[in-house]
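Colleague: Generate a structure from the sequence data that follows.
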Amino acid sequence: MTTAAPTKTQYEAVIGLETHCQLSTETKIFSDSSAKFTTDPNTHIDPICMGMPGVLPVLNQKVLEYAVKAGLALNCQIAPYSKFDRKQYFYPDLPKNYQISQFDLPIAEHGWLEIELPDAEGNPIRKRIGVTRLHMEEDAGKLVHGGSIYPEGGTASQRLSGSTYSLVDYNRAGVPLVEIVSEPDLRSGQEAAEYAQELRRIMRYLGVSDGNMQEGSLRCDVNISVRPVGRAEFGTKVEIKNMNSFNAIQRAIEYEIERQIAAIEAGERILQETRLWEEGSQRTISMRIKEGSSDYRYFPEPDLGPIEVPSEQLDQWRSELPELPYQKRHRYEDEFGLSAYDARVLTDDRDVAAYFEAAVAAKANPKQAANWIMGDISGYLNTEKKSIKDLPLTPEALAELTALIDANTISNKIGKDILPELLTKGGSPSAIVEREGLVQISDTGVIEAAIEAVIAANPKELEAYRGGKTKLLGFFVGQVMKQTGGRADPKMTNQLLSKKLNA
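Modeller: All right, here's what the predicted structure looks like:
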């Protein structure tokens, strides 16, 4: 009698993200210092953000507007009544040593956003990720840690005693943030990275944040645990910090899933802790143990009154929301017949989507316009580090170019040949075609004459083709195109060549 081998336990990850998103207001959340990013330290400061005695915060109206619009775009319920709270915590880079945030009555709750991932065949799999809450708060400053304060001079004892130092840049202190907390609905690193990217798309579409991770405008902390498939209870949660790209989010989660499963299988206890993602070694490392939740001793902020959003104000802000990325993706697939991939690429950036829609409005073939934008135009913009808003080639000119190709006035190759001039100088594609004499040749007699000349000039290749090397058809097509300056109708050329070579 044989005993069946024990079934290997299958695990699943339970993941939630806490995302801090800086709002693109001109001034800070509670004072009139500039909130714009700068590399010059301590130049955007004032008595309020420096925590001077006797100063009082005043809420920036634009911060409230941006927070409400973000909440609406995330399908949240906007609170008719909310308030600010003091979060007691020692911040070396926040001079008050407490943070003004929101606790039990946030501005927005109970929302969702849609992520989209391709399946094995490239078809979109759509999933809604719950949003627990969105609340407003102020950002802290930035600590800069360095080496010896006596790098070249000083005595040996001075160099030893002053081996390291920390500098504080308060420019970021008081910059407005919204913190967006997801439900634990994510199950993989790929889903988490896509959630973070979709969140950034939404914020950029709204114009409330630039979402630049390299400048700290968007920062994500991951909460992750693993559990056996089928178990309802969550495992022990681990927090991961210090991820500065979407790829890092995905890789950190994938590493942590494997680490936790390996630990459980080895009989080890998963600690509730905060870990850092170490980019160089591609691993997470322990930062601090968190055996219990921190007691921040929240209490209502006494220097700020409660927030009430009138219904008419809420309706106005709702009416100002743009069409959101997921709505555009659905529409592009349904209205223009684009693939899920094409729709996703075109809607990633609002300016690109606007350019595409302007071209289609000017009667461009949607699929052709999409191909030009995602291919040659995108390649040019990336190389030149330019925005599509600055492109000399207007959407109307792109529509004109696709119309010339659709009408067989020019070939796709001729289109590519004149594109560099259009990209750098702009102008009318029709005018360039007429000036350069590039109208496509569709005259059967002219093309047949070019074919006869090419065949006569290449007897060895003709013999090889008729001997079975049919791939030489491409060679003959190329020679005919060369003979006609690239102007022969490609479809007609293929048909006439095949007929002649197989005669």
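Colleague: In stretch 494-502, which residues have enough neighbours to count as buried?
Modeller: Residues of stretch 494-502 classed as buried: 494, 496, 497, 501 (neighbour count, 16 or more other C-beta atoms under 10 Å). C-beta coordinates here come from the backbone N, C-alpha and C atoms, glycine included.
Colleague: Quick one: the residues you listed as CSV, columns for distance to residue 128 too.
Modeller: Formatted as CSV, these follow (distance: C-beta to C-beta, whole Å):
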residue, distance to residue 128
494, 48
496, 55
497, 54
501, 57
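Colleague: For these, give me a markdown table that also has pLDDT and secondary structure.
Modeller: Compiled in a markdown table, the buried residues of stretch 494-502 are given as follows (pLDDT from 0 to 100; DSSP: H, G, I helix; E, B strand; the rest coil):
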| residue | pLDDT | secondary structure |
| --- | --- | --- |
| 494 | 78 | helix |
| 496 | 78 | helix |
| 497 | 77 | helix |
| 501 | 75 | helix |
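Colleague: Just give me the closest of those residues to residue 259.
Modeller: Closest approach to residue 259 among these (C-beta to C-beta): residue 494, at 56.9 Å.
Colleague: what separates the closest one from residue 451, distance-wise?
Modeller: For residue 494, the distance to residue 451 equals 11 Å [C-beta to C-beta, to the nearest Å].
Colleague: again, but for residue 498
Modeller: As for residue 498, its distance to residue 451 is 10 Å (criterion: C-beta to C-beta).
Colleague: Same question for residue 175.
Modeller: Computed as C-beta to C-beta, the residue 175 to residue 451 distance reads 69 Å.
Colleague: Likewise for residue 353?
Modeller: 44 Å.
Colleague: quick one, phi psi at the closest residue to residue 223 other than its chain neighbours?
Modeller: Nearest residue to residue 223, sequence neighbours excluded (C-beta to C-beta, 6 or more residues apart in numbering): residue 16, at 4.7 Å. When read as degrees, to the nearest 10, the backbone of residue 16 gives phi -130, psi 150.
Colleague: Contacts only, for residue 16.
Modeller: Residues in contact with residue 16, defined by C-beta atoms under 8 Å, 6 or more residues apart in numbering, are 181, 182, 183, 184, 185, 186, 222, 223, 224.
Colleague: nearest to residue 481, of the residues you listed?
Modeller: residue 186 (51.5 Å).
Colleague: Contact partners for the closest one?
Modeller: Counting by C-beta under 8 Å, 6+ apart, residue 186 has contacts 13, 14, 15, 16, 17, 129, 192, 195.
Colleague: Do you know the pLDDT at it?
Modeller: Looking at residue 186, its pLDDT is 97.
Colleague: cool, residue 143 as well?
Modeller: 88.
Colleague: and it, that one's in a strand?
Modeller: Yes - with DSSP: H, G, I helix; E, B strand; the rest coil as the criterion, residue 143 is assigned to a strand.
Colleague: Tell me where the model's unsure across the stretch 251-400 of the chain.
Modeller: Scanning the stretch 251-400 of the chain for pLDDT under 70 picks out 291-293.
Colleague: all strands for the stretch 1-150 of the chain, in order.
Modeller: In the stretch 1-150 of the chain, the strands defined using DSSP state E, counting those that start in this stretch lie at 11-22, 77-78, 81-82, 85-88, 98-101, 108-118, 124-138, 142-146.
Colleague: and for stretch 65-72, what are the contacting residues?
Modeller: For stretch 65-72, contacts defined as C-beta under 8 Å, 6+ apart pick out 21, 23-25, 78, 107-108, 111, 134-136, 176, 178, 180, 202-203, 206, 208-209, 309, 314, 317-318, 320-321.
Colleague: List only buried entries from these.
Modeller: Looks like the contacts of stretch 65-72 have 21, 23-25, 78, 107-108, 111, 134-136, 176, 178, 180, 202-203, 206, 208-209, 309, 317 buried, using 16+ other C-beta under 10 Å.
Colleague: where along the stretch 301-450 of the chain do the strands fall?
Modeller: Under the criterion DSSP E, counting those that start in this stretch, the stretch 301-450 of the chain contains strands at 307-308.
Colleague: Turn the strands of the stretch 1-150 of the chain into a markdown table, including distance to residue 281.
Modeller: Below are these laid out as a markdown table (distance: least, C-beta to C-beta, whole Å):
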| stretch | distance to residue 281 |
| --- | --- |
| strand 11-22 | 21 |
| strand 77-78 | 43 |
| strand 81-82 | 43 |
| strand 85-88 | 33 |
| strand 98-101 | 32 |
| strand 108-118 | 28 |
| strand 124-138 | 30 |
| strand 142-146 | 19 |
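Colleague: out of these, which comes closest to residue 337?
Modeller: With C-beta to C-beta, the closest approach to residue 337 among the strands of the stretch 1-150 of the chain belongs to strand 124-138: 14.5 Å.
Colleague: for the closest one, packing partners?
Modeller: Counting contacts by 3 or more C-beta pairs under 8 Å, 6 or more residues apart in numbering; DSSP states H and E, strand 124-138 packs against helix 61-73, strand 98-101, strand 108-118, strand 176-182, helix 189-206.
Colleague: Pick the most deeply packed of the ones you listed.
Modeller: strand 176-182 (a mean of 24; mean count of other C-beta atoms under 10 Å).
Colleague: ok, it: who's next to it in the sheet?
Modeller: Neighbouring strands of strand 176-182 in its sheet, by DSSP bridges, are strand 11-22 (antiparallel), strand 124-138 (antiparallel).
Colleague: In contact with the residue lying closest to residue 13 once chain neighbours are set aside, which residues?
Modeller: Of all residues not flanking residue 13 in the chain, residue 257 sits nearest, at 4.9 Å (C-beta to C-beta, 6+ apart). Going by C-beta under 8 Å, 6+ apart, residue 257 touches 11, 13, 189, 224, 226.
Colleague: give me the number of residues near the second one?
Modeller: Right, the one you point to is residue 13. 22 (other C-beta atoms under 10 Å).
Colleague: hang on, it packs against residue 222?
Modeller: No - with contact defined as C-beta atoms under 8 Å, residue 13 does not count as touching residue 222 (10.2 Å).
Colleague: who touches both of the two?
Modeller: residue 253.
Colleague: could you dump the contacts of residue 186 to CSV with pLDDT and distance to residue 52?
Modeller: Shown next, in CSV, are the contacts of residue 186 (pLDDT from 0 to 100; distance: C-beta to C-beta, whole Å):
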residue, pLDDT, distance to residue 52
13, 96, 46
14, 97, 44
15, 97, 41
16, 97, 38
17, 97, 35
129, 98, 42
192, 97, 41
195, 97, 40
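Colleague: any idea of the pLDDT on residue 464?
Modeller: Listed pLDDT for residue 464 reads 77.
Colleague: A strand includes it, no?
Modeller: No - counting by three-state DSSP, residue 464 falls outside a strand, being helix.
Colleague: quick one: the most centrally placed residue in the chain and residue 119, what's the gap?
Modeller: Centroid-nearest residue in the chain: residue 197, 4.1 Å away (criterion: C-alpha atoms, centre = their mean). When distance is defined by C-beta to C-beta, residue 197 is 18 Å away from residue 119.
Colleague: on that earlier part again, could you point out which of the helices and strands packed on strand 124-138 sits nearest residue 330?
Modeller: Evaluated over these, closeness to residue 330 peaks at strand 108-118, with 9.2 Å, by C-beta to C-beta.
Colleague: list the helices and strands the closest one packs on?
Modeller: Here strand 108-118 touches helix 61-73, strand 77-78, strand 124-138, helix 189-206, helix 325-336, helix 340-347, going by 3+ C-beta pairs under 8 Å, 6+ apart.
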